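Peer 1: sequence and predicted model, in that order:
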Amino acid sequence: MLPAPYRLSLRLTAALLGLCALVASAQEAPRARARDLGVAPGIFAPGHYNAITDVAGVRVGQVTLAEGDSVRTGVTAILPHPGNAYRSRVPAAVHVGNGFGKFVGSTQVNELGELETPILLTCTLCVWKAADAMAEWMLAQPDMQQVRSLNVVVGETNDGGLNDIRARPITAGAVRNALEGAKSGPVQEGSVGAGTGTVAFGWKGGIGTSSRKLPDSLGGWTVGVLVQANFGGVLQVEGAPVGRALDRYAFQNAVAMQDNTRGLADDRGDGSVIIVIATDAPLSDRNLKRLASRGMMGLGRTGSSASNGSGDYVLAFSTAESVRRAFDATRLQTTELANEPMSAVFQASVDAVEEAVYNALFMATTTSGNGKTVEAIPLDKVRDVLRAHGIAPAS
């Protein structure tokens with residue numbers, strides 16, 4: 001143990017660092033969701049919270065780890081319903097837009113067409129620790145004493161710029177807290193949970209969410225989306241060339257042909273994104289696979305090109321009781337949506353993915369860690385670009 005004077009010095013240093021962070025946060029301009037800037041992609045209205053939790057039963061839990069000057073990471077947990085996810089399984093599917101990533105459990109999800117655990121999001125080198133912690137947590141749940149196989153599902157993006165990723169700072173306690181603290185209602189966005197250390201389009205990225213509620217004439221279904229945004233490209237917001245206007249975009253050095261300079265954006269557009277789509281529409285895993293593939297369309301609208309070094313994964317699941325699967329069922333009797341009504345669900349998901357990415361970016365705050373600082377996108381300048389392109393701020 002360190003002598004008392006050294007321990008006191010360390011505590012004072014940590015307190016001063018925390019105070020500096022609070023002062024910096026206080027001086028930063030207030031953050032805003034996309035709709036506060038007049039950005040409302042698509043034609044369908046959002047749900048009450050404009051979040052993935054608008055899908056009844058879906059809960060989100062987040063733990064943010066910001067320790068010292070090097071740890072900037074966290075865990076985001078998505079629970080599909082209030083019950084035991086293993087014993088009452090939801091149909092699910094995974095679409096791989098670009099497979100430069102680690103998505104634990106994805107092959108079995110696609111093979112069997114179902115999800116049997118919550119979904120965890122975290123940092124790249126933490127996926128196995130998070131998976132082990134969730135397996136331990138699941139096996140300790142009631143009525144799990146005889147379980148000898150468990151397909152935990154954990155996605156990741158690489159936050160190694162702001163986070164000392166080699167330290168693998170995720171703990172079993174953090175995973176448990178995310179799972180047990182999951183709740184419905186508003187979802188915190190920006191530099192929180194698994195988005196604590198992420199970067200998007202050269203600015204601070206993070207967690208973003210959005211939802212859409214279909215009119216009764218189209219089924220009245222709700223589609224909710226949550227993203228972990230940590231990717232690059234040429235940012236556009238409802239078609240407005242924000243990245244180019246703010247001089248931060250992929251390949252900008254090659255385009256500008258400037259010597260001895262480097263743009264602030266990743267010049268290759270690399271990074272990763274995890275997109276989770278939830279819906280109460282009663283969908284088979286086949287149609288959930290189709291729904292998941294539409295997530296890439298929403299991503300493309302924001303300016304991503306799914307670069308070589310990007311891990312772009314979309315997981316979609318249905319919470320509808322009529323398609324739920326008991327763990328010990330020998331036959332499945334389901335009532336599912338036919339193909340023709342899927343078009344409206346597709347449209348809702350594309351729009352919600354687009355808005356969720358904007359929310360992740362606009363709600364993120366300037367973050368320092370691991371010897372680096374990544375700025376939040378300046379919303380005043382974003383507003384100027386939007387006005388110049390006829391996208392008026394909300395009154």
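Peer 2: Good, I have the coordinates.
Peer 1: going forward, measure contacts and count neighbours with C-alpha atoms only.
Peer 2: Noted.
Peer 1: show me what counts as buried in whichever strand or helix holds G295.
Peer 2: Assessed by DSSP states H and E, G295 sits inside helix 285-301. The neighbour-count check on helix 285-301 (16 or more other Cα atoms under 10 Å) flags 285, 287-301 as buried.
Peer 1: would A40 count as being in a strand?
Peer 2: No. Assessed by DSSP: H, G, I helix; E, B strand; the rest coil, A40 does not belong to a strand; its assignment is coil.
Peer 1: I'd say it and P46 touch.
Peer 2: No. Counting by Cα atoms under 8 Å, A40 does not reach P46; the two are 9.2 Å apart.
Peer 1: any idea how far the helix holding G295 is from the chain center?
Peer 2: A distance of 15 Å separates the centroid of the chain from that of helix 285-301, by Cα atoms, centre = their mean, to the nearest Å.
Peer 1: packing partners for that helix?
Peer 2: strand 88-99, strand 310-318, helix 342-363 (3 or more Cα pairs under 8 Å, 6 or more residues apart in numbering; DSSP states H and E).
Peer 1: which SSE is immediately downstream of the last one?
Peer 2: Once helix 342-363 ends, the next helix or strand along the chain (criterion: DSSP H and E) is strand 367-369.
Peer 1: again, but for the first one
Peer 2: Next along the chain after strand 88-99, taking DSSP H and E as the criterion, comes helix 106-112.
Peer 1: parallel or antiparallel, list what pairs with the very next helix or strand once past that next one.
Peer 2: Elements were assigned by DSSP H and E; along the chain past helix 106-112, the next helix or strand is strand 114-115. Counting by DSSP bridges, the strands paired with strand 114-115 are strand 88-99 (antiparallel).
Peer 1: contacts for the partner strand, please.
Peer 2: The contact list for strand 88-99, computed with Cα atoms under 8 Å, 6 or more residues apart in numbering, reads 80, 106, 109-110, 113-116, 283-286, 288-289, 292-293, 296, 306-308, 310-319, 323-327.
Peer 1: buried residues of stretch 91-107, list them for me.
Peer 2: So for stretch 91-107, counting by 16+ other Cα under 10 Å, buried means 91-106.
Peer 1: quick one: the helices in the stretch 51-200 of the chain?
Peer 2: 106-112, 127-139, 172-180 (DSSP state H, counting those that start in this stretch).
Peer 1: re the thing from before, can you tell me which of the buried residues of stretch 91-107 is nearest A133?
Peer 2: V104 (13.1 Å; Cα to Cα).
Peer 1: who does the nearest residue to G105 once chain neighbours are set aside bridge with?
Peer 2: Once flanking residues are discounted, G105 sits nearest to V153: 4.7 Å by Cα to Cα, 6 or more residues apart in numbering. Note on V153: beta-bridge partners I119, judged by DSSP bridges.
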